[in-house]
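Novice: Quick one: sequence and predicted model below, then my questions.
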Amino acid sequence: MTGLAERLVDRIVEAAVTRAVVGRGGVLRELGGSTLLGAIGALFPLTTAKVMAQEVRGALEKKQLKIGFVPVTCAAPILIADPMGFYALQGLDVVLVKTPGWALVRDLVLNQKFDAAHMLAPMPLALSLGLGSRPEPMHVAAIGDVNGQAITLHLRHRNRRDPKQWNGMKLGVPFEYSMQNLLLRAYLADHGLDPDRDVAIHVVPPSEMVAHLRAGGIDGYLGPEPFNQRAVHDGVGFLHLLSKDLWDGHPCCAVGLPASFVKENPNTFAALFRALAVATAHANEPENRREVAEAIAPAAWLDQPLLVVEQVLTGRFADGLGNEHNVPSRAGFESFPWHSMAVWILMQLKRWGYVKQDLDYRDVAEQVFLATDARKRLAELGLAAPERTYAQHRILGKVFDPARPEENAKSIPVARSSRAA
């Protein structure tokens, strides 16, 4: 492992040992951090603990895993976990397979070619419900990234910043069952447009978005990074707004696995979660962002200019209209798969006619998003672990209450959808 990776493991082990020795009401509770660690070290040397942390906590049912990913910045935790040794630390031998788009990811998961995959957050829910494919019960182990998207428009639309002026536009999203599609639809509806009638929404693989924008095939897109920043870099488009301006902290991608894999390989699943959780925590540290950009920009992974990836991950970027910005939270990396996020996704899938039947939102959310399991494992690693699995979220200026999803649906403007008709 690199020095940075070792230091992160050190912090996690120290936190875990502290909890194990002191406990919630332990006698060493009053001591300062360094004194406390010194006292613990006398009883339980941290070097020994670090060796123990690298041992598999249960016999792995399967050590060799194949994980598919789409080359976008959202995949950073999945990618850096390999060279930084986080998979190996858990006894896993992981092969990462670059895949051009999420339709192919879905098909390869369904055909059991991938053990796990980098998916858009709505995809495991859609797969579990049989939307667009045969039903396959899925689990979300971890979210991976939050924010990190943008609405990009062609430069010819620089004077059409009001969405009410977008009637007749052709807009791209990376997949139907994506946060990009759902956020774009909610944004358009919030400005009085019907996403199914007033604009044309096309599915465009991320790597083709800039080319389609340049050629005039689309007027803009709500897409994953670094392709929003790449459009600016290439002088083709400008950033209309960041997705964090729609919902600060929204999920984007996730690590999805078939429920059957989790059931048959519980120790392997736990090991994979630990590796990804540590990688996600590392990627989220501001001081590590340039290092992460250097790791994922090369041809084997994103195949994008380093400057473009750095602008996304550091939050220091040009918007294509002559302005420079400093938004550290433009992209973030967090593991916890909130049940409330899943409820919002399900509500939107229902709102736009993708789901025809009545749903028990909480039941589906809790079956697919393994938040309770994640909370336990994050706590074991000494990482932030929320006490609750549901939270209220501010989305498009309104508070979304997951306890009353139907009431939320009725309180927001819903344009008549041809899909739901």
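Specialist: Ah, there it is. Numbers count the residues shown, from 1 in each chain.
Novice: Got the confidence number for Gly220?
Specialist: If you check Gly220, the pLDDT there is 98.
Novice: what does Pro77 give?
Specialist: Confidence at Pro77, expressed as pLDDT, is 98.
Novice: Now do the SS call for it.
Specialist: Classification of Pro77 using DSSP: H, G, I helix; E, B strand; the rest coil returns helix.
Novice: residues contacting it?
Specialist: 144-145, 276, 279-280, 282-283, 333 (Cβ atoms under 8 Å, 6 or more residues apart in numbering). Just so you know, the C-beta spots here come from the backbone N, C-alpha and C atoms, and that holds for glycine as well.
Novice: ok, Arg377 to Leu171 distance?
Specialist: Distance from Arg377 to Leu171, counting by Cβ to Cβ, to the nearest Å: 38 Å.
Novice: Between the two, which is the more surrounded one?
Specialist: Leu171 (24 against 20; other Cβ atoms under 10 Å).
Novice: What strand or helix carries the more buried one?
Specialist: strand 170-173 (DSSP states H and E).
Novice: Next secondary structure after that strand?
Specialist: Heading C-terminal from strand 170-173 (DSSP H and E), you reach helix 179-190.
Novice: What residues of the next helix or strand after that next one count as buried?
Specialist: Sequence-wise, the next helix or strand downstream of helix 179-190 (DSSP H and E) is strand 200-203. Buried positions in strand 200-203, judged by neighbour count with 16 or more other Cβ atoms under 10 Å: Ile201.
Novice: immediately after strand 200-203, which helix or strand?
Specialist: Heading C-terminal from strand 200-203 (DSSP H and E), you reach helix 209-215.
Novice: Phi, psi for Glu387 please.
Specialist: phi -80, psi -30 (degrees, to the nearest 10).
Novice: for Lys263, same thing?
Specialist: For Lys263, the backbone dihedrals (degrees, to the nearest 10) come out as phi -70, psi -40.
Novice: looking at this, Leu321 is in a helix?
Specialist: No. Under three-state DSSP, Leu321 sits outside any helix and is assigned coil.
Novice: Need the pLDDT of it.
Specialist: With respect to pLDDT, Leu321 scores 98.
Novice: count of neighbours near it?
Specialist: For Leu321, which is what you asked about, the neighbour count (other Cβ under 10 Å) is 12.
Novice: Apart from its neighbours in sequence, what residue is nearest it?
Specialist: Phe238 (4.9 Å; Cβ to Cβ, 6 or more residues apart in numbering).
Novice: wait, isn't that neighbour in contact with Leu153?
Specialist: Yes. Under the criterion of Cβ atoms under 8 Å, Phe238 makes contact with Leu153 at 6.2 Å.
Novice: what's around Val327, how many residues?
Specialist: Neighbours of Val327 (other Cβ under 10 Å): 14.
Novice: That one contacts Gly315, doesn't it?
Specialist: Yes. The pair Val327 and Gly315 passes the contact test of Cβ under 8 Å, sitting 4.4 Å apart.
Novice: In contact with Leu92: list those residues for me.
Specialist: Applying Cβ under 8 Å, 6+ apart, the residues near Leu92 are 60, 63-65, 268, 271-272, 275.
Novice: Max pairwise distance over those residues: which two?
Specialist: The most widely separated members of the contacts of Leu92, counting by Cβ to Cβ, are Gln64 and Ala275 (13.9 Å).
Novice: Comparing these two, which shows the higher neighbour count?
Specialist: Of the pair Gln64 and Ala275, Ala275 is the one with more neighbours under other Cβ under 10 Å, namely 24 against 11.
Novice: mind listing what's buried in the helix or strand harbouring the more buried one?
Specialist: Assigned by DSSP H and E, Ala275 belongs to helix 266-284. Of all the residues in helix 266-284, those buried under the rule 16+ other Cβ under 10 Å are 267-284.
Novice: avg pLDDT for stretch 332-344?
Specialist: Here the average pLDDT along stretch 332-344 is 97.
Novice: Determine how far it lies from the middle of the whole chain.
Specialist: 8 Å (Cα atoms, centre = their mean, to the nearest Å).
Novice: cool, stretch 127-134 as well?
Specialist: That offset, for stretch 127-134, works out to 20 Å (Cα atoms, centre = their mean).
Novice: contacts for it?
Specialist: Contacts of stretch 127-134 (Cβ under 8 Å, 6+ apart): 106-107, 109-110, 126, 135-138, 176-177, 256, 259, 349, 354-355, 364, 367-368.
Novice: so Asn288 makes contact with His282?
Specialist: Yes. Look at Asn288 against His282 with Cβ under 8 Å: they come within range, at 5.7 Å.
Novice: Would you mind splitting this protein into its domains for me?
Specialist: Under automatic domain parsing, the residue ranges defining each domain of the chain are 3-53, 149-250.
Novice: Where does the closest residue to Gly320 other than its chain neighbours sit: helix, strand or coil?
Specialist: Nearest non-adjacent residue to Gly320, counting by Cβ to Cβ, 6+ apart: Phe238, 3.1 Å away. Local secondary structure at Phe238 is given as strand here, using three-state DSSP.
Novice: Near Phe238, how many residues? Count them for me, please.
Specialist: 24.
Novice: For it, give me the pLDDT.
Specialist: pLDDT, Phe238: 98.
Novice: before we move on, what about the one 5 residues further on?
Specialist: According to the prediction, Ser243 has pLDDT 98.
Novice: Done for today, thanks.
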